[in-house]
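*Asks:* Sequence and predicted structure are below.
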Amino acid sequence: MGKVAGIDLGTTFSAISILNENGKPEIIKNNEGSYLTASVVAFPSDQEGICIVGEMARDHLELEPNRVIKEVKRDMGTDKTYSLAGTEHTPQGISSIILKKLFKDAEKQVGKIDSAVVTVPANFREQARQSTLKAAEEAGINVQFIIDEPTAAALHYATSNKISGTVMIYDLGGGTFDVTIATVLGKDIKVITSVGSQNTGGTDIDKILLDKIKKNYKEKFNSDLVSSNNDRNEFYYTNESEKIKKALSVKEKHKAIIKGNEGAITIEFTKEEFERDIGTLIADTEGLIEEALDEAKDKGIKIDDIKNILLVGGSTRIPAVSKMLKKKFNKDPLTGVNVDEAIA
């Protein structure tokens, strides 16, 4: 068998891995030298017929937001289209462009790749799964099979942490959330139950912070932060929100200077306020945990049977997630793996 890649097509970032000479999977860098590729495609007005993918496309959101497409994973399997400069694009088509970038960049690093395993959220509808498969085929990728993201993550934890028994995978990524209960025996993963939401993730947390920034600015200047006469657009402030989120994941307080058309405002954010603001979102994921536990109970699995909690997805770095899980299960979630790369 030739070289086989593992691909995680994410809402905000994607990754590709390949088995090294020792039979261990390792993430392959893209042409820009990054292990993660932004799941963003831009069609610059000064380069007609050309598209750019990844971080450069993400940066283009500040220049021409109306010529950039992002977060298409949430629309996979739907009839939604994106209209740019008179051309219609589908979620499947944009995903194909992202997958082609991942695959071609990886081949430059490791040589010809014969096939790939592509992951999808456990809660993906059949239409979304088929759309992902077709996107990979459009990108010229020979797909061996599609597997659920929690299964892929459990395999990674099983081989790197030597875990076994009943586990719960808590996957909070950029745009989707899954909670899965499974049994692990070596490389044999049996999913007992899986529930989730295609519209819950880190981007929603960024929006909560952005709404707070807008509210503070409006109160101080009686003017909208994002307006037609402001040279900074919505993406600029969403980026600021993401920086604040990351800062509050490692420290108790963070000051941010927000510049708008009417002037600048300094806002102090605290971890305590942040955790309170995102409390409803965290509670929503806890509600899905309860749903999964109820379904598992019907199959003879009790909460005390869960030996380990496995974290997946960049948003699980937020301390409020581990805090909620420890309180609920009376044990710390496992650490020691890169939660952004575990699925790939």
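*Replies:* Structure received.

*Asks:* what ranges do the strands span in the stretch 1-150 of the chain?
*Replies:* 4-8, 13-19, 25-27, 37-38, 40-42, 52-53, 68-70, 82-84, 87-89, 115-120, 143-148 (DSSP state E, counting those that start in this stretch).

*Asks:* Out of those strands, which gets nearest to A247?
*Replies:* Proximity to A247 (C-beta to C-beta) singles out strand 13-19 among the strands of the stretch 1-150 of the chain, at 19.0 Å. Every residue, glycine included, has its C-beta placed from N, CA and C.

*Asks:* who touches that closest one?
*Replies:* With C-beta atoms under 8 Å, 6 or more residues apart in numbering as the contact definition, strand 13-19 has outside contacts at 3-8, 25-28, 35-39, 98-99, 102-103, 105-106, 110, 113, 116, 174, 314, 340-341, 343-344.

*Asks:* So how do I select the buried members of those residues in ChimeraX?
*Replies:* Per 16 or more other C-beta atoms under 10 Å, the buried members of the contacts of strand 13-19 correspond to this ChimeraX selection:
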select :4,5,6,7,8,25,27,28,35,36,37,38,39,98,99,102,103,105,106,113,116,174,314,340,341,343,344
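
*Asks:* got a list of what the closest residue to F274 other than its chain neighbours touches?
*Replies:* Leaving aside its sequence neighbours, F274 sits nearest to L248 (C-beta to C-beta, 6 or more residues apart in numbering; 4.7 Å). L248 makes contacts with 254, 269-271, 274, as judged by C-beta under 8 Å, 6+ apart.

*Asks:* Secondary structure class of K245, three-state.
*Replies:* helix (DSSP: H, G, I helix; E, B strand; the rest coil).

*Asks:* Surely it is in contact with I208?
*Replies:* No. Here K245 does not reach I208: they are 9.0 Å apart, not a contact under C-beta atoms under 8 Å.

*Asks:* how about the strands of the stretch 1-150 of the chain, which one is nearest Y236?
*Replies:* Nearest of the strands of the stretch 1-150 of the chain (C-beta to C-beta): strand 68-70, 13.0 Å.

*Asks:* So which other helices or strands are in contact with that closest one?
*Replies:* Under the contact criterion of 3 or more C-beta pairs under 8 Å, 6 or more residues apart in numbering; DSSP states H and E, strand 68-70 touches strand 40-42, helix 55-59.

*Asks:* Now render the ones you listed as TSV, adding mean pLDDT.
*Replies:* Putting the helices and strands packed on strand 68-70 into TSV (pLDDT from 0 to 100) gives the following:
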stretch	mean pLDDT
strand 40-42	95
helix 55-59	93
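
*Asks:* Quick one, which of those gets closest to S83.
*Replies:* Among the helices and strands packed on strand 68-70, if distance is taken as C-beta to C-beta, the winner is strand 40-42, at 13.9 Å.
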